[in-house]
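1. Predicted model and sequence below, questions to follow.
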Amino acid sequence: MNCFDKADKKKAEEYARLVVRVGVNVQPGQEVVIRCPVEHFEFGRLLCREAYEAGAAEVVMRWEDAPCSRQFYLHASEENLAQIPEWKAESYNYYARRGACHISVGGGDPEAYKGVDPQRMHRYEAAMDEAVKTYYAKMMASEIPWTVVAVPQRQWAARVFPGLDSDEAMKRLWEMILRAVRVDGTDAVRAWEEHDRFLKGKCRMLNDYAFEKLHYQNSIGTDFTVGLVKNHVWEGGSEVSGTGVTFEANMPTEEIFTMPDCRVAEGTLVSALPLSYRGNLIRNFSLTFHEGQVVDYQAQEGQETLRSILEADEGSRRLGEVALVPYDSPISQMKTLFYNTLFDENASCHFALGRCYPTTMKGGEKLGGEELLAAGGNASMNHVDFMVGTADLRITGILPGGEEILLFENGNWAR
């Protein structure tokens, strides 16, 4: 199916150029790995062309197909679920060791894996996590440039706009995605530079405060305090790779984020938006924490999926990221539930269960796993973002001496 049926081809080309030149900032002679669903083959080809035109030495296309993966999860033996072929693992680790940049294209059917036993998926992913730990370690420490982007797909568009016919839904979703990544008729590169300066300014402010804890409150039931690790670093917008190359890990991005102390979390967080996780929706859920760990949870829909996340491993019940997003962010103002975390997390303040980003603590990327854990950084096979921001969210920063500073009021920055 032609993914540009109702899209402006020139804007799609501009989007691909932005991903290559700003998203991963391909350098001459660098290798590029692109993970792309087969239904997005045209956009994948645009990325391939742009990467070579930027000077890439080699572009490696990893085509993926969710319906085939679904059949694997449904029918593979327990042995095959837990066994990753060496060639497959090495294909990830090899290019990571060589410093290749990685582009991941998303935007599939939100219900692609609905009805699949999440425990079977977890068994495979745990095996994969272990097999490609070199790749994940370099990515999470931002040693290599990487970015996650999305283009529309018909089942996704139908889910977002159920009242429209297929072509109109695709057109609307394309328009929203392009607006979210600032490909809207203006100079997209300049728009990203200006946005980056804004995010960096908020990071500087919070890094200067060096809060010990944050306290969240709103009218839907959130009353929650989270600790921040000592020497935490707020990040947002562009990152810098181990070779000094600037890149954007998420396109779009409206957040600034840091490392919570996975040992310090008390109270209850209530979801503000549904969470789409591996083709399953979790709606109207809450998580109650004590001493950093989820001790109780409820979901109006998707209870079993939520349980599978929390029981994946020891670190999945603890937090690995805290992120701040104003309620009036451009994506939030679209008043649309995307059923896609890349977009929904940029419409709302959020947390992530599971693995932390080592770069969000000074020197964290140089620490071994046990050292990072000892400092309060979480370790897990998971990193699952969930949204808590509302129009009346209030966030107070607490300094080491106990002084309180109002950061968010009525869902937006208070300073």
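-> That came in fine, so what should we check first? Numbering: from 1, shown residues only.

2. okay, CA-based contacts and neighbour counts for the rest of this
-> Fine.

3. lowest average confidence, helix or strand, in the protein?
-> Every helix and strand of the chain was ranked by mean pLDDT, DSSP states H and E. The lowest is strand 275-277, at a mean of 88.

4. Next SSE downstream of it?
-> On the C-terminal side of strand 275-277, the closest following helix or strand by DSSP states H and E is strand 280-290.

5. what residues does that next one touch?
-> Counting contacts by Cα atoms under 8 Å, 6 or more residues apart in numbering, the residues outside strand 280-290 that touch it are 110-111, 113-115, 264-276, 294-303, 305-306.

6. Please apply the same query to stretch 109-122.
-> Contacts with stretch 109-122, where a contact means Cα under 8 Å, 6+ apart, come from 66-67, 70, 73-74, 78, 81, 153-156, 159, 276-281, 305, 308, 312, 339-340.

7. got it, and stretch 217-224?
-> Contacts to stretch 217-224, defined as Cα under 8 Å, 6+ apart, come from residues 215-216, 265-270, 390, 392-395.

8. Can you lay out the residues you listed as CSV showing pLDDT, distance to Trp234 and neighbour count?
-> Listed next are the contacts of stretch 217-224 as CSV, based on pLDDT from 0 to 100; distance: Cα to Cα, whole Å; neighbours: other Cα atoms under 10 Å:
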residue, pLDDT, distance to Trp234, neighbour count
His215, 98, 17, 21
Tyr216, 98, 18, 20
Ala265, 98, 18, 25
Glu266, 98, 21, 19
Gly267, 98, 23, 19
Thr268, 98, 23, 21
Leu269, 98, 21, 26
Val270, 98, 24, 25
Thr390, 96, 21, 23
Asp392, 97, 23, 16
Leu393, 98, 20, 21
Arg394, 98, 19, 23
Ile395, 98, 16, 24
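
9. Relative to Asn231, which of the residues you listed is nearest.
-> Ala265 (17.6 Å; Cα to Cα).

10. In a strand, that closest one, correct?
-> Yes: counting by DSSP: H, G, I helix; E, B strand; the rest coil, Ala265 is part of a strand.

11. quick one, what contacts it?
-> The contact partners of Ala265, taken as Cα under 8 Å, 6+ apart, are 224-227, 289-293.

12. how about 10 Å then?
-> Listed by Cα atoms under 10 Å, 6 or more residues apart in numbering, the contact set of Ala265 reads 213-215, 224-228, 288-294, 318-319.

13. Of those, just the buried ones, ChimeraX syntax please.
-> Per 16 or more other Cα atoms under 10 Å, the buried members of the contacts of Ala265 correspond to this ChimeraX selection:
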select :213,214,215,224,225,226,227,228,288,289,292,293,294,318,319
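
14. any weak-confidence spans in the stretch 101-250 of the chain?
-> Within the stretch 101-250 of the chain, not a single segment meets pLDDT under 70.
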